[in-house]
Each structure stands twice: as C-alpha cells, then as structure tokens.
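Trainee: quick one: sequence plus predicted model below, questions after.
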Amino acid sequence: DHMENTSAFQYEQCQWLVLDEADILLHLGFENFIRSIVRHLNWRKNVEHRQNVLVSATLDARVSKLAQFVLSEPAFVSVDESMSSVDGGPGSGSGHHITFSPALLGHHFVECRRAKQPICLVAFLRYLYYENLHKLRTFKCIVFMSTCQMVHFYFTLFRDGSLWQDSSESVLPRQHGVNGEDIPWFELYGDMTSKERTAVFFQFSSSSNGVLLCTDVASRGLDIPSVRFIVQYDPPSKINDYIHRSGRTARMGRSGQTFLFLTPPEMGFIDILKKHNFRFSQVAIGRVWGRLNVDYKRHLQRTQTQNRSSSTPKKGRKRKRKRMEHNLGDDAFDTPYGAMLAMGRHPHSAMMDEKEGSDPEEEPLGEERAMRRIMENPADWNSRDAMAMHFTRRVMEDEILQNMARTAMRSFISAYGTYPAALKTVFFVKNLDFNQLADCFFVERDRKIKRKENRSSFQKDRAFKRSRRMQDRAQKLTKKRNRPQTMSEFAS
C-alpha cells in the first residue's frame, strides 16, 4: 500500500529483500502481494546490487515457481543430502515435497487406545525422565496438541493436580539436575496475547527443565535450546507440519527424538510418512506402563506405611512385620521383593500361587522368576484405572474443569473433521468412539445419552433385520409367481 500510494517512500535504502517462510506466505494467499512488491522494487531500481533471499523449509512446485520470479541467478543452499533423509531433489520434477530430516533425529511412534491417551502421556513423560535421568543434565520436552482448548485444559489439570488420589506427589518428577530444580509446566497457543506468548517463550527458553504444551503456533520460527524430546500428542494434518514440529529438536548438530501418538485405527498414518523416507521405530507400550506400575506401587507402599505408623500394631505381629520389611529403603520398591510387599503379598506365597496354577509336569519356578512374572502382569497393578479414576473425580467435582474438558472435547472433534481428503481414510470423524473420547477428557457422559445411543443402535439393527426378512419373503413370492404351472394330461 505504501509503495502504490506513498510518493515519499524511499527506495534508496532497500538493499535486502528477505522472504522468510515462503511456503506459509503462499499458503496464506500472499503470492500476488509478493509479486507486486518485487515489481515495484524492480521498477524503481535505485540500488545497484540488491540482494534477494527466499527461505523455505519445504520446497514444492509453487515455491520453485516463486523463486524463479523473485531470484535471478540464485544459489541454492541446503543441508547435506548424504546426512539426511531426502524425498525428491532440487532438480526433480516429481512435484513431491522435498523433506529433510537430520541424521541425529530419531522418529518413534506410540500406539495407545484413545481412552488411555492422557494417562499414556503422563506415563510416557515419566518414562522418558527416568530412562534419561543419568544421561541429560536438563529435561525439556515439547508436546503438540491440535487445539488451544486442549492445551489449556491439560495444562490446568496437570500443573495443579497430583499424580494419585490422596497424594502430594506431582504429575512430573521433582528436583531434577544439580540444583534440584522442579520440572514446571508451560502452555503456548494462538489465543494468548502476543505479550503472554513472548513471556512464555523466554521463560521456557531460559529454564533448564520444563514441559511445554502448545499448538502448531510453536512449530515454526522458534529456536529453543536444549529441547531433546518432541511428543506429537495429536497427529498433524500435513506432512510439512510433522517436519516443522520435529524440527524443534536436533538443531545445530545436536541429537533429538520425536514421538508420534496414534490410536489403532490411525496406524495407517505411519505408512504415509514412510513414503517420505522417514524411518520409525515403535516404543513398547509395556515398558511405559511398567514405569507407571512401579510408581503406583510405591505410592501404595507409602500409604500403607503411613497407615501403619498412625495405628498401633499388635504385639504378636510386630516381629513378623519387621522381618518382612527388613532392608526396605526408599528405592526398594523398584525391586521385585519390595513390589510384592507393596501388593500386600509375601513373595513365597506368590510363588506358591504360581505353582498351583501351573502344569504339575513342569519344573517348579524359582522365586525370582515367579516374582518377575507377577510384576510383568499389568492386570495385577491396575495403575492406569487408578489414575483415570483420580483425574475423572477431580474434573467432575470441579465445575470449571468440567466446562473446560467439555469445551476441549468439542474443539477436538471439530479439529478432527478438518483433516484433508488424502488422510480421510486414516482420520475419519465418524470412526471416533465417543465413549472413549469422554474417557480421554475425564468426563462422565450422561446416562440418557448412552441409553439413547444404545436404543438407536438396537432400533437400527431391528429395522435392518426386518427389512432383510421382507426382502427374503418378496424373493420367495416372486419365484413362486414366476414358476411355470403344471399342465394336466387331459387338457385340450
């Protein structure tokens, strides 16, 4: 507008023209404005050697066409293709996006049911923390979600909540690093003001530890140091978004890991990403739940210890209890012996239970093997259901949290229906199970709605069976009507 209507606009000082995030500028519909600006600068060319720079993380046909118009005798600058995963090339006319992935960036995926996704997120963050406790001095992770309402709901729920019922333990571990600093929660989304977003960005950048819940507003243009883990809680709607999300880690020669959360019906998205030369490895969900089981049993053991200390034990049981609790310190609950005591069962009795349920012809199991088999059975621990009941009770008892949860669930359904047509076979809104979706946001559905859904499905099945019977009856009558009549031998 200034170039067209302001006669006093000075062109003499324009020595650089930089077009950053060119693919986003084209996606937002600014191609005609960019061409108009370049024409005005070329028409009033008062600088002898003006430098034009076009920067884009992804190169497709539209960006290449714009580069031919803006740049003259361009020099193509890119990362080393031999050290990256490449799809296509600068000179290939295949029309595919050119995607680069650093060699030190690992791609992983986690398969989990929709109802247990937030529980899996908490367990996975704790799993990452304890797995890398002795490797990293700092613990910084970015979690991407699809909507602003989801980010704000989970941030409020996890930041102010406890890990278990009647427990003071926070959702994330405390006192990490040399200085014993906490691991705080941060949120960043588009509905925040520019001042608030800037403050959160600098706080998270300067913090040595932290988990940032954000939308795609943080997927571009942010260079946050020491971020080693990226968790994509909601799958992106485009391949470019997956690339930009993953690009928040493994920067400047550093290593990083990106994790993609998927439900069983969404596993086809991995095949789509593999077509772009991304190599994925699956994270065993059993290891994630195992970390949560250990934390839950530790909580139960602490609760039992507090109850025992508050009540006066009987004299006959005092000596026996001392024998069972010998050499149990704070770290003893990670061992099979301490875990079995946390369940309220003695290891020898557990071993006998294993022997009674086994084949008598088999060799008797050793004590250590029996305890390991019991520890690896998640059904005996029930830690996921305990955490889900705890968060559900907290949400349903707080009216503000309940409204936030319902708003976040509605926003997720709306966002889930905006996937492009190429991904509708994987992400289809009609495939969502609303009962599991309500569990995902810790909301109890109305019984009338459940009864109505069951009634409508029953009525549909009954109508379908009735129509099938009518069709079969009509086919029988048609065959009988078209059957040739037998003629009498005495007919003339």
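Mentor: Received it, and whenever you're ready, just let me know what you need.
Trainee: hey, let's count contacts and neighbours off CA atoms from now on
Mentor: OK.
Trainee: residue contacts, the nearest residue to Gly190 once chain neighbours are set aside?
Mentor: Leaving aside its sequence neighbours, Gly190 sits nearest to Val217 (Cα to Cα, 6 or more residues apart in numbering; 6.2 Å). Counting by Cα atoms under 8 Å, 6 or more residues apart in numbering, Val217 makes contact with Leu188, Tyr189, Gly190.
Trainee: and Asn435, by the same measure?
Mentor: Contacts of Asn435 by Cα under 8 Å, 6+ apart are Arg445.
Trainee: show me what counts as buried in the helix or strand where it lies.
Mentor: Here Asn435 sits within helix 434-440, counting by DSSP states H and E. If you call a residue buried by 16 or more other Cα atoms under 10 Å, then helix 434-440 has these buried ones: Phe434, Gln436, Leu437, Ala438, Asp439, Cys440.
Trainee: so how far is that helix off the chain centroid?
Mentor: 16 Å (Cα atoms, centre = their mean, to the nearest Å).
Trainee: circling back: from the contacts of Val217, which land in strands?
Mentor: Among the contacts of Val217, the residues falling in strands (DSSP state E) are Leu188.
Trainee: show me which of the contacts of Val217 are buried.
Mentor: Leu188, Tyr189.
Trainee: redo the contacts of Val217 as CSV? Include pLDDT and distance to Ala408.
Mentor: Listed next are the contacts of Val217 as CSV, based on pLDDT from 0 to 100; distance: Cα to Cα, whole Å:
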residue, pLDDT, distance to Ala408
Leu188, 94, 15
Tyr189, 93, 13
Gly190, 89, 15
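Trainee: save the contacts of Val217 as JSON lines, and put in distance to Met409 too.
Mentor: Shown next, in JSON lines, are the contacts of Val217 (distance: Cα to Cα, whole Å):
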{"residue": "Leu188", "distance to Met409": "19"}
{"residue": "Tyr189", "distance to Met409": "17"}
{"residue": "Gly190", "distance to Met409": "18"}
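Trainee: from the buried residues of helix 434-440, pick the one nearest Asp385.
Mentor: Asp439 (10.8 Å; Cα to Cα).
Trainee: the closest one is in contact with Ala115, isn't it?
Mentor: Yes. Using Cα atoms under 8 Å, Asp439 is in contact with Ala115, at 5.0 Å.
Trainee: count of residues packed around Gly106?
Mentor: By the criterion of other Cα atoms under 10 Å, Gly106 has 19 neighbours.
Trainee: residue contacts, the closest residue in space to Cys214 that isn't next to it in sequence?
Mentor: Leaving aside its sequence neighbours, Cys214 sits nearest to Leu188 (Cα to Cα, 6+ apart; 4.6 Å). By Cα under 8 Å, 6+ apart, the contact set of Leu188 is Val151, Arg197, Val200, Phe201, Leu212, Leu213, Cys214, Thr215, Val217, Ala218.
Trainee: go with 10 Å
Mentor: 144, 148, 151-152, 155, 196-201, 212-218 (Cα atoms under 10 Å, 6 or more residues apart in numbering).
Trainee: what does Arg394 give?
Mentor: Leu157, Gly161, Ser162, Gln165, Ala388, Leu401, Gln402, Phe442, Val443.
Trainee: likewise for Ile272?
Mentor: Ile272 touches Ile239, Phe278, Ala422, Leu423, Val426, counting by Cα under 10 Å, 6+ apart.
Trainee: who wins on neighbours among those residues?
Mentor: Going by other Cα under 10 Å, Phe278 tops the contacts of Ile272 with 19 neighbours.
Trainee: so that residue, which of the three states?
Mentor: At Phe278 the chain is in coil, as set by DSSP: H, G, I helix; E, B strand; the rest coil.
Trainee: pretty sure it contacts Gly106?
Mentor: Yes. Judged on Cα atoms under 10 Å, Phe278 makes contact with Gly106 at a distance of 9.3 Å.
Trainee: neighbours around Glu397, how many?
Mentor: Neighbours of Glu397 (other Cα under 10 Å): 11.
Trainee: kindly report the same for the one 5 residues further on.
Mentor: Applying the criterion other Cα under 10 Å, we find 20 residues in the vicinity of Gln402.
Trainee: that one and Phe442, how far apart?
Mentor: 9 Å (Cα to Cα, to the nearest Å).
Trainee: my read: Tyr419 touches Ser237, true?
Mentor: Yes. Contact criterion Cα under 10 Å: Tyr419 and Ser237 qualify, at 5.5 Å.
Trainee: give me the common contacts of these two.
Mentor: With Cα under 10 Å, 6+ apart, Tyr419 and Ser237 have common neighbours Phe427.
Trainee: residue ranges with poor pLDDT in the stretch 301-450 of the chain?
Mentor: Along the stretch 301-450 of the chain, segments meeting pLDDT under 70 span 310-381, 446-450.
Trainee: and with 80 instead?
Mentor: 304, 306-382, 445-450 (pLDDT under 80).
Trainee: per-residue confidence for Leu105?
Mentor: Model confidence at Leu105, given as pLDDT, is 88.
Trainee: need the buried ones from the contacts of Leu188 selected in PyMOL.
Mentor: Selection of buried members from the contacts of Leu188 for PyMOL, criterion 16+ other Cα under 10 Å:
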select buried, resi 144+148+151+152+155+197+200+201+212+213+214+215+216+217+218
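Trainee: ok, back up a step: residues shared between the contacts of Gln402 and Phe442?
Mentor: Common neighbours of Gln402 and Phe442, using Cα under 10 Å, 6+ apart, are Thr392, Arg394, Val395, Met396.
Trainee: can you give me every residue that contacts the first one?
Mentor: With Cα under 10 Å, 6+ apart as the criterion, the residues that contact Thr392 are Ala386, Gln402, Ala438, Asp439, Cys440, Phe441, Phe442, Val443, Glu444.
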